[in-house]
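K.L.:
sequence unknown, structure follows:
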């Protein structure tokens, strides 16, 4: 039944030029069920302003779409602290409008969220989907607002929280560390913020496995990251080691590296629900890091 549902399905993907969107496009290949969109037009990518609800609905109807996969987001965590209006428009209001459209048309909506909905101060075990949320930043609050709106409007679909996303594409921690590691003999990285890196290709593969199974499910929250736990310092040190860069990584505490946005100190996510419901794989973070680095020309 679910395979039949997917066979008929057409999926509009926002943020197709981002790191997650790029990995999804590579894995999906020439699958005609996907309609790729982004703020700027590109090769096989249609232009779409996700803040324009009328344009979004019109494009979905033109393309005979019945699933929206929202990968677009305002991801400048520090910039969001002074760019509140734009961040909320992209991360909260646009998904709210998508949920309304999806509910009215009986379409599915898959939304990407974040570990930043948690404050990281109230728990020392892995966060479950049902744990209370206390975002510490504008970015985290914008993503939580989207979750609440989607849950309230209740279209079919899923909300997937992830963390520490990286890939060979775009701006992310791995690419920044590789650049700094080739330029500097020593760098300092915070060692008191703990979580799990997520290779965007792993999340893209999980999305491809989930989409045929969504069916008539109402949008529930799920967690997906790779397996294991580390600090940003551990992550940086592993990048230097695996990339054979001589740069020394020095551990520091968060107070020594102040940023406009406050990050959760601990944001390990429990993935048992998504594994049980959809059978997705969650590879070990260090294995996935090696795979990512093998795709980057140093």
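P.N.:
That came in fine, so what should we check first? Given the structure is predicted, the values throughout are model-derived calculations rather than measurements. Numbering: from 1, shown residues only.
K.L.:
where does the protein have its least confident helix or strand?
P.N.:
helix 2-8 (a mean of 44; mean pLDDT, DSSP states H and E).
K.L.:
quick check: next helix or strand after that helix?
P.N.:
strand 11-14 (DSSP states H and E).
K.L.:
what packs against that following strand?
P.N.:
helix 19-28, strand 34-38, strand 67-70 (3 or more C-beta pairs under 8 Å, 6 or more residues apart in numbering; DSSP states H and E). All C-beta spots, glycine's among them, are computed from the backbone N, C-alpha and C.
K.L.:
parallel or antiparallel, list what pairs with the last one.
P.N.:
In its sheet, strand 67-70 lies beside strand 11-14 (parallel), strand 108-114 (parallel), with partners assigned from DSSP bridges.
K.L.:
buried set for the biggest helix by length in the chain?
P.N.:
Assignment by DSSP state H gives helix 138-153 as the longest helix of the chain. Residues of helix 138-153 classed as buried: 138-147, 149-150, 153 (neighbour count, 16 or more other C-beta atoms under 10 Å).
K.L.:
with respect to residue 117, which of the residues you listed is nearest?
P.N.:
Relative to residue 117, the closest of those is residue 144; by C-beta to C-beta it sits at 4.5 Å.
K.L.:
before we move on, the earlier item: what's the closest of the helices and strands packed on strand 11-14 to residue 240?
P.N.:
Taking the helices and strands packed on strand 11-14 one by one with C-beta to C-beta, helix 19-28 is closest: 20.9 Å.
K.L.:
gap between that closest one and the chain center?
P.N.:
12 Å (C-alpha atoms, centre = their mean, to the nearest Å).
K.L.:
between strand 108-114 and that helix, find me the angle.
P.N.:
Angle, helix 19-28 to strand 108-114, by axes from the mean of the first three to the mean of the last three C-alpha atoms, to 10 degrees: 130 degrees.
K.L.:
packing partners for helix 19-28?
P.N.:
strand 11-14, strand 34-38, strand 165-166, helix 200-210.
K.L.:
next, the buried residues of that helix.
P.N.:
Under the neighbour-count criterion of 16+ other C-beta under 10 Å, helix 19-28 has 19-25, 28 buried.
K.L.:
can those go into a markdown table with extra columns for distance to residue 190 and pLDDT?
P.N.:
Below are the buried residues of helix 19-28 laid out as a markdown table (distance: C-beta to C-beta, whole Å; pLDDT from 0 to 100):
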| residue | distance to residue 190 | pLDDT |
| --- | --- | --- |
| 19 | 22 | 96 |
| 20 | 24 | 97 |
| 21 | 28 | 97 |
| 22 | 28 | 97 |
| 23 | 27 | 97 |
| 24 | 30 | 97 |
| 25 | 33 | 96 |
| 28 | 36 | 95 |
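K.L.:
export those residues as a markdown table, with columns for distance to residue 226.
P.N.:
Below are these laid out as a markdown table (distance: C-beta to C-beta, whole Å):
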| residue | distance to residue 226 |
| --- | --- |
| 19 | 15 |
| 20 | 14 |
| 21 | 19 |
| 22 | 18 |
| 23 | 13 |
| 24 | 17 |
| 25 | 21 |
| 28 | 21 |
